[in-house]
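A.B. asks: Need a 3D model of the sequence below.
(2 chains)
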2 protein chains.
Amino acid sequence: MEVFMHHCDRKLPALLSRTLFKALKRSHIKCAIHTSPLVPVPSKPTIPPPLVSRLFQPSNLREGQDGGDLTCRSQRLMLQTGLIHPSNPGCFYYLPVALRSMEKLVRLIDEEMHAIGGQKVDMPALCSAELWKKSGRWELMGKEMFRLLDRHNAEYCLGPTHEEAVTELFASQTTISYKKLPLLLYQVTRKFRDEQKPKFGLLRGREFYMKDMYSFDINEEAALHTYHSVCQSYGRIFDRLGLKWVQVQAATGNIGGTLSHEFQLPADIGEDQLLVCGNCGFSANIETMEPGQTECSQCKTGTLCESKGIEVGHTFYLGRKYSQAFKALFINASNVPAVAEMGCFGLGVTRILAASIEVMSSEDAICWPGLIAPYQVCVLPPKKGSKANEATQVAEELAQSLGNSLPNLRGEVVLDDRVQMTIGKRLKDAKILGYPYVVVVGQKALEDLPSFEVICQQSGETMFLSKDGLVDLLSKVETI
Amino acid sequence: MEVFMHHCDRKLPALLSRTLFKALKRSHIKCAIHTSPLVPVPSKPTIPPPLVSRLFQPSNLREGQDGGDLTCRSQRLMLQTGLIHPSNPGCFYYLPVALRSMEKLVRLIDEEMHAIGGQKVDMPALCSAELWKKSGRWELMGKEMFRLLDRHNAEYCLGPTHEEAVTELFASQTTISYKKLPLLLYQVTRKFRDEQKPKFGLLRGREFYMKDMYSFDINEEAALHTYHSVCQSYGRIFDRLGLKWVQVQAATGNIGGTLSHEFQLPADIGEDQLLVCGNCGFSANIETMEPGQTECSQCKTGTLCESKGIEVGHTFYLGRKYSQAFKALFINASNVPAVAEMGCFGLGVTRILAASIEVMSSEDAICWPGLIAPYQVCVLPPKKGSKANEATQVAEELAQSLGNSLPNLRGEVVLDDRVQMTIGKRLKDAKILGYPYVVVVGQKALEDLPSFEVICQQSGETMFLSKDGLVDLLSKVETI
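C.D. replies: Reported below is the predicted structural model:
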């Protein structure tokens, strides 16, 4: 079987350019052209546990910085622990440990978007002025949009959002049947916004990752059904991250449409003012209310209390605002072209990352949403030259075996091999960095019945477990 | 155990903004704030097989287009089969089926980069003019670079490559020990190049995905060791894709440095002219040779034959060109700051995708590198109303069970539910789209010993297999 798996017949000269093929036929040495071995299929490389000493995580943990002009907890913690590094104003390098977390977040979002029928695409960042003039937003967006000319003096913007582009894509297809709808297209790409004052690190940047989804439906009823299905999906994402969230009535701003909600994480540094009814739970962005309003507009009896939130998601029912302008048509059940009803739905990917850290962490230690912690487990071998020195090898083998034998922990176990440092100092770092589980391998690991000290950092609990107990505990950790 | 897994103590009022918390305490209805259920941890959603009728893959297979101004096979096939859709000149929408393939390619690259110690980062697309002036490339790059001003009139370019940015990042760390080196940082991001004449679809675009890696070493010897290690890794990637490739001596262009190689896929439409020695296998880009040279400069006896290739990778040994200019220093073994030796290494991600299709496909049917085929298996139920109608349910169950029970096929099995079409028509589509395995569920699936027709499209072989035989065959398919 192996022979024809994954491999076209490599003997077909048609696949080689003719002259090169002739040259090779004449040659006795065949090394110039590399063809894949046919048997066996190359297997995936196995990787030893990542070593903390080699991670590019330039942290400034022990320099006693007071944070200076750093304006919020997540920004300070992310800079101090080497998760991000500042570049231009409002732009950051995402360093390896943060990127691992972000990739997990993207997998979580992918999973939930697929579950409601979302299909992933990727649209160009360069959007032509022509497209944005068609929707009337070229002028409207003002200075918030980065604009540029290409070598032929054609005008472009760097897409801050993609209603125009996706509607143009839909409209380019002239025979989309009603049977194909609802159609939900989404992407996770870098967006650009020329903020007047970028601040709070990843919370308000000029370049950021956003998940934006666009829906096309046959009529208003179907479109509202899709709208609620996406809102539920957003709720599941925040639930799976273990975040507290609130869905509030929102203004539609320059996106447009007739119905809109924001997903907010309650936080003192939040830039959004929210009003929450103490009686019925109705919640709204203050932008949508009358000035000075204190009575709940839903139950008419409760009092509205002010609060603050970080906006991490925003949903819009657009109706035909864009589909009309771009002639985004489908063929309805009567075989007649009809204008699609649209919705659009955004999740701030890098913002969720930072906002999670903002709301879950303490002043001096990161707490990650467990599911997207960059690494689930940190194994600490004893200090070099200490009494428990012989346990070093036990620790190395433990990290290797946990990271390979438990499917959920593949690649999730790091070894803090900085054995010139005391256990205490490394434990302090591990606390700041927020590994959900820290396993200390010391004297007790050398006893007849070896045991390991396990610190569950999210609960604060410490336990001594046998190898089996440890494996049992860690096999239940949910990863993505 | 479940109780404290992944969840901070949700009772801590510190995590809620104070006013909101008070409002909630007064409230009898708690629905405004959503907290995650503590037990059990929500599980991943299970997904039915994707249905061909619902895939957004707007194909133009039966419109008899002759391709018009489409200039190469991969561009024509990718447009006709709904893998990409044109946007601005040199910019494309990547549609869902193509994006699946690209994401697999990225996972393959990630795997091989990690295997040689690569650490993934993500650098801003906006690069300040200041940075590029420091290296002297702001002027040098000319019209190939997109340039823009922000709202404060600060000058930026859209990064076509990131030597400046990554060297600045390294230089910002003042205490990198020689023990941390070699340091290999890479990213897979969208790059921008304002091509005079974008052409050949994804092969020469203005926006494209590139994997760019940058290495930092303690001295030239170590840097050359890293250089060869990355070259080997590139070879493994092309091998695992089942591609024929050749590594040729190359010019360093505006990147600079003293040693450079290109990885080329031999192809008649290739834009690079190569010279290959029929005697010793030495290969070079014609740019690096004397005009009219026909004698091999390596073995001195062989004759050089001309050929053409598509450049899919490029490696550069940079020495200190950038590290000197940016003062990228590390602390050496004598505790003295020293200038790092650098290399840089590019793989054209979207270009590899298109080039694979270019060199492996026939004029009218896509052949994918098996490992990155968007879907491995297409299951065909019988035509509606045909004799074998009852086999429809068998087909649905088969697609569902293959896609869930075989770990390597999770999400890899589509069901071509367009049962108003004949098997023959759908088989024709399946051939054009290049699913590695097509399973036809017909009359024989209803017999006492059910069997299925399996077409291995890459070998052209057709077999009739029992369910067990089918599972056995498909369980060996390598996926990523």
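
A.B. asks: give the contact list for residue A:130.
C.D. replies: residue A:155 (CB atoms under 8 Å, 6 or more residues apart in numbering or on different chains). The C-beta positions use only the backbone N, C-alpha and C, and glycine is treated the same way.

A.B. asks: So for it, what pLDDT did the model give?
C.D. replies: The model reports residue A:130 with a pLDDT of 97.

A.B. asks: again, but for residue A:254
C.D. replies: Note on residue A:254: pLDDT of 78.

A.B. asks: where does the residue nearest to it when sequence neighbours are not counted sit relative to residue A:133, distance-wise?
C.D. replies: For residue A:254, ignoring the flanking residues on the chain, the nearest one in space by CB to CB, 6 or more residues apart in numbering or on different chains is residue A:140 at 5.6 Å. For residue A:140, the distance to residue A:133 (CB to CB, to the nearest Å) stands at 10 Å.

A.B. asks: Give me the phi and psi angles of the one residue in the stretch 251-400 of chain A that gets nearest to chain B.
C.D. replies: As assessed by CB to the nearest CB, chain B sits closest to residue A:370 within the stretch 251-400 of chain A, at 3.0 Å. Phi and psi for residue A:370, reported as degrees, to the nearest 10, are phi -50, psi -40.

A.B. asks: That one reaches residue A:476, doesn't it?
C.D. replies: No. Contact criterion CB atoms under 8 Å: residue A:370 and residue A:476 do not qualify, at 11.2 Å.

A.B. asks: Tell me the first helix or strand C-terminal of the lengthiest strand in chain A.
C.D. replies: Using DSSP state E to define each element, chain A has its longest strand at strand A:304-319. The first helix or strand that comes after strand A:304-319 along the chain, using DSSP states H and E, is helix A:321-325.

A.B. asks: which strands and helices sit next to that next one?
C.D. replies: helix A:129-135, helix A:163-171, strand A:341-348 (3 or more CB pairs under 8 Å, 6 or more residues apart in numbering or on different chains; DSSP states H and E).

A.B. asks: Residue A:77: which element?
C.D. replies: helix A:73-80.

A.B. asks: partner strands of the very next helix or strand once past that helix, parallel or antiparallel?
C.D. replies: Using DSSP H and E, the helix or strand that follows helix A:73-80 in sequence is strand A:84-86. Here strand A:84-86 is paired, per DSSP bridges, with strand A:92-94 (antiparallel).

A.B. asks: Show me what the helix or strand just after the strand it pairs with is packed against.
C.D. replies: From strand A:92-94 onward toward the C-terminus, using DSSP H and E, the following helix or strand is helix A:96-115. With contacts taken as 3+ CB pairs under 8 Å, 6+ apart, helix A:96-115 sits against strand A:183-192, strand A:207-217, helix A:220-240, helix A:349-360, strand B:118-120.

A.B. asks: With mean pLDDT as extra columns, can I get those in TSV?
C.D. replies: Below are the helices and strands packed on helix A:96-115 laid out as TSV (pLDDT from 0 to 100):
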stretch	mean pLDDT
strand A:183-192	98
strand A:207-217	98
helix A:220-240	98
helix A:349-360	98
strand B:118-120	98
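
A.B. asks: want to throw the ones you listed into TSV with mean neighbour count?
C.D. replies: Formatted as TSV, the helices and strands packed on helix A:96-115 follow (neighbours: other CB atoms under 10 Å in any protein chain shown):
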stretch	mean neighbour count
strand A:183-192	22
strand A:207-217	25
helix A:220-240	18
helix A:349-360	26
strand B:118-120	22
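
A.B. asks: May I see these organised as JSON lines, with distance to residue B:188 added?
C.D. replies: As requested, the helices and strands packed on helix A:96-115 are exported to JSON lines (distance: least, CB to CB, whole Å):
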{"stretch": "strand A:183-192", "distance to residue B:188": "12"}
{"stretch": "strand A:207-217", "distance to residue B:188": "13"}
{"stretch": "helix A:220-240", "distance to residue B:188": "24"}
{"stretch": "helix A:349-360", "distance to residue B:188": "16"}
{"stretch": "strand B:118-120", "distance to residue B:188": "7"}
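
A.B. asks: Low-confidence stretches in chain A?
C.D. replies: Applying pLDDT under 70 to chain A flags the ranges A:1-46, A:61-70.

A.B. asks: per-domain residue ranges of it.
C.D. replies: A:1-43, A:73-360, A:375-474 (automatic domain parsing).

A.B. asks: Return the most buried member of these.
C.D. replies: Mean neighbour count (mean count of other CB atoms under 10 Å in any protein chain shown) peaks for domain A:73-360 among the domains of chain A, with a mean of 20.

A.B. asks: returning to what we had before: now the helices and strands packed on helix A:321-325 in CSV, with distance to residue B:428?
C.D. replies: As requested, the helices and strands packed on helix A:321-325 are exported to CSV (distance: least, CB to CB, whole Å):
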stretch, distance to residue B:428
helix A:129-135, 36
helix A:163-171, 26
strand A:341-348, 34
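
A.B. asks: Settle it for me: which of residue A:370 and residue A:476 has more neighbours?
C.D. replies: In this view residue A:370 and residue A:476 are compared by other CB atoms under 10 Å in any protein chain shown, and residue A:370 has more residues nearby, 23 against 13.

A.B. asks: Tell me if I am right that residue A:175 is in a helix.
C.D. replies: No. If the criterion is DSSP: H, G, I helix; E, B strand; the rest coil, then residue A:175 is coil and not within a helix.

A.B. asks: Grab the nearest non-local neighbour of residue A:316.
C.D. replies: Nearest to residue A:316 is residue A:257, by CB to CB, 6+ apart, at 4.3 Å.

A.B. asks: likewise residue A:360?
C.D. replies: Among residues not flanking residue A:360 along the chain, residue A:367 sits closest, at 4.2 Å (CB to CB, 6+ apart).

A.B. asks: Now do the same for the one you found: helix, strand or coil?
C.D. replies: Under three-state DSSP, residue A:367 falls in the coil class.

A.B. asks: now residue A:464: how far from residue A:476?
C.D. replies: 18 Å.

A.B. asks: My error: substitute residue A:94 in the last question.
C.D. replies: 30 Å.

A.B. asks: do residue A:251 as well
C.D. replies: From residue A:251 to residue A:476 the distance is 43 Å (CB to CB).
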